[in-house]
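**Q** Coordinates only, no sequence provided:
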């Protein structure tokens, strides 16, 4: 009789998909330290990290059950990407919550030329461009994806990125440079137009 503890991630995923609920428990225990440390490193808040950690594995389980996981030999990388996206979603929601109240001002801040000019079509085009860029980012190597997310989605400085990822500032800057070069290549290769006409 073999122990599930010794099975590879791939076999454990297969067993879970086939209905063995113990397999997911083994996977969670195997990778929990790495995933939780990664989340905590970025959010710097124990409670929030625990919430995102739980949400990550709920999403992992749902995705596995729906057949959304494609085996590429890197189960933990896939889990970390899910955690990363949930962290970004959290920070995005926090930014939205920090809205301005119109009550405390004599001037109507919502009555501006800029807001009047932006129509639904502009918002749709901007939204489409952002979706396409996010899709392109997923095609970059993982270290380049990480530096883009931290810099542009989380507003981190290159010093903070270097500290968080354990590399020098020059390495972080280099990764960003290569990420932008590779994004340009992908845009040209796919013949995309990522501007409003």
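**A** In hand now; what should we look at? Predicted model, so just to flag it, every value in this text is computed and none were measured.
**Q** pLDDT below threshold where in the chain?
**A** 1-3, 72-73, 97-128, 193-197 (pLDDT under 70).
**Q** domain ranges for it?
**A** 1-97, 115-197 (automatic domain parsing).
**Q** From start to finish, how long is stretch 141-153 in a straight line?
**A** 17 Å (C-alpha to C-alpha, to the nearest Å).
**Q** buried ones in it?
**A** Using 16 or more other C-beta atoms under 10 Å as the test for burial, stretch 141-153 gives 144-151, 153. Every residue, glycine included, has its C-beta placed from N, CA and C.
**Q** now stretch 25-41
**A** Neighbour-count burial for stretch 25-41 [16+ other C-beta under 10 Å]: 26-28, 30-31, 35-36, 38-40.
**Q** and if you look at stretch 165-180?
**A** Neighbour-count burial for stretch 165-180 flags 165, 167, 171-173, 175-176, 179 (criterion: 16+ other C-beta under 10 Å).
**Q** Now tabulate the residues you listed in TSV and tack on distance to residue 68.
**A** Formatted as TSV, the buried residues of stretch 165-180 follow (distance: C-beta to C-beta, whole Å):
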residue	distance to residue 68
165	27
167	31
171	33
172	31
173	35
175	28
176	30
179	26
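**Q** Return the subset of those lying in helices.
**A** 165, 171-173, 175-176, 179 (DSSP state H).
**Q** from these, which single one is nearest residue 129?
**A** Residue 129 lies nearest to residue 179 out of these, by C-beta to C-beta, at 17.4 Å.
**Q** contacting residues around the residue lying closest to that closest one once chain neighbours are set aside?
**A** Nearest residue to residue 179 in three dimensions, chain neighbours excluded: residue 144, at 3.7 Å (C-beta to C-beta, 6 or more residues apart in numbering). Taking C-beta atoms under 8 Å, 6 or more residues apart in numbering, we find residue 144 in contact with 175-176, 178-179, 182.
**Q** rerun at 10 Å
**A** Residue 144 makes contact with 137, 174-183 under the criterion C-beta atoms under 10 Å, 6 or more residues apart in numbering.
**Q** Would you point out the most distant pair within these?
**A** The most widely separated members of the contacts of residue 144, counting by C-beta to C-beta, are 137 and 174 (17.2 Å).
**Q** List the backbone torsions phi and psi for residue 155.
**A** Main-chain torsions, residue 155, degrees, to the nearest 10: phi 60, psi 40.
**Q** ok, back up a step: of the buried residues of stretch 25-41, closest to residue 17?
**A** Lowest distance from residue 17 to those (C-beta to C-beta) belongs to residue 27, with 11.7 Å.
**Q** for that closest one, helix, strand, or coil?
**A** Applying DSSP: H, G, I helix; E, B strand; the rest coil to residue 27 yields a three-state assignment of helix.
**Q** Now it: closest residue in space, sequence neighbours ignored.
**A** Per C-beta to C-beta, 6+ apart, closest to residue 27 is residue 12, 5.1 Å.
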